[in-house]
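S.K.: Pasting the sequence and the predicted coordinates here, then a few questions.
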Amino acid sequence: MSKILYIKDMVCVRCKMAVEAVLNANGIRYSSVELGRATLHASLTAAQKQAVIKSLAYYHLQLLEGRNKILVERIKTEILELLHDPHPLQLKLSAHLSQKLNYNYTYLANTFSEEEGVTLEKYFIQQRVERVKELLVYKDLSLTEIMDELNYSSVSHLCLQFKKVTGLTPAEFKKKCKASDFVWRAV
């Protein structure tokens, strides 16, 4: 019988590698590790669970328990995967999340807001802007290329949203990064 562990703050390939290392170090057999979750071959014993919790903490990761917390982490993971997918979103965010997670969007949005203290839409915008920052600095893409990749309706919409979230235009942000070797942590 397989068991799924839900893990908070898994946002990149390094996080997946860290979880694999934790499972291997504790002798726990698994079939897959993906953003936000690991599928195990069997349930954890109480001792294994405590060892995993302690080991994950070393990597600033947490084991999630509770239906709503798990659902919120699944929403966050789906948004991150969506923003890193090279193919533009074909559906509205609400329809996409409902389809992927098999819940009514109103339920998803209400659960997310209750748990996180921010609306799902606002969280999506914040993550989208973080992705714009990454593409500006690390990929050196033009605003038009970023607009296409992140499915913005126009460059001006991208710039307005960016300024509203960061207080800077994309050009000011990029200039500040280059001038000061500025480093930010994607949230």
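M.R.: Great, that's in hand.

S.K.: burial count for the spatially closest residue to residue 15 that is not a sequence neighbour?
M.R.: Setting aside the residues directly before and after it, residue 15 is nearest to residue 61 in space (Cβ to Cβ, 6 or more residues apart in numbering), at 6.6 Å. (Each C-beta comes from the backbone N, C-alpha and C, glycine too.) By the criterion of other Cβ atoms under 10 Å, residue 61 has 20 neighbours.

S.K.: so how far is residue 138 from the residue nearest to the spatial centre of the chain?
M.R.: Taking Cα atoms, centre = their mean as the criterion, residue 80 is the residue nearest the geometric centre of the chain, at 3.6 Å. Residue 80 is 16 Å from residue 138, where distance means Cβ to Cβ, to the nearest Å.

S.K.: With adjacent residues omitted, what lies nearest to the residue nearest to the centre of the chain?
M.R.: residue 11 (6.0 Å).

S.K.: Quick check: which element contains the one you found?
M.R.: Residue 11 belongs to no helix or strand when elements are defined using DSSP states H and E.

S.K.: neighbours around it, how many?
M.R.: 18.

S.K.: Begin at 27 from now on, thanks
M.R.: From this message on, residue numbering opens at 27, which makes the last subject residue 37.

S.K.: Run a quick check on it versus residue 105, I expect a contact.
M.R.: No. The criterion here is Cβ atoms under 8 Å, and residue 37 misses it with residue 105 at 10.6 Å.

S.K.: Break down this protein into its strands, ranges please.
M.R.: All strands of the chain, identified by DSSP state E, fall at 29-34, 56-60, 63-66, 88-90.

S.K.: For residue 197, find the nearest of the ones you listed.
M.R.: Closest approach to residue 197 among these (Cβ to Cβ): strand 29-34, 34.6 Å.

S.K.: pretty sure residue 42 is touching residue 61, no?
M.R.: Yes. Between residue 42 and residue 61 there is a contact under Cβ under 8 Å: 6.8 Å.

S.K.: Overlap in contacts, those two.
M.R.: residue 36 (Cβ atoms under 8 Å, 6 or more residues apart in numbering).

S.K.: follow-up on the earlier one: in contact with the residue nearest to the centre of the chain, which residues?
M.R.: Residue 106 is in contact with 37, 61, 153, counting by Cβ under 8 Å, 6+ apart.
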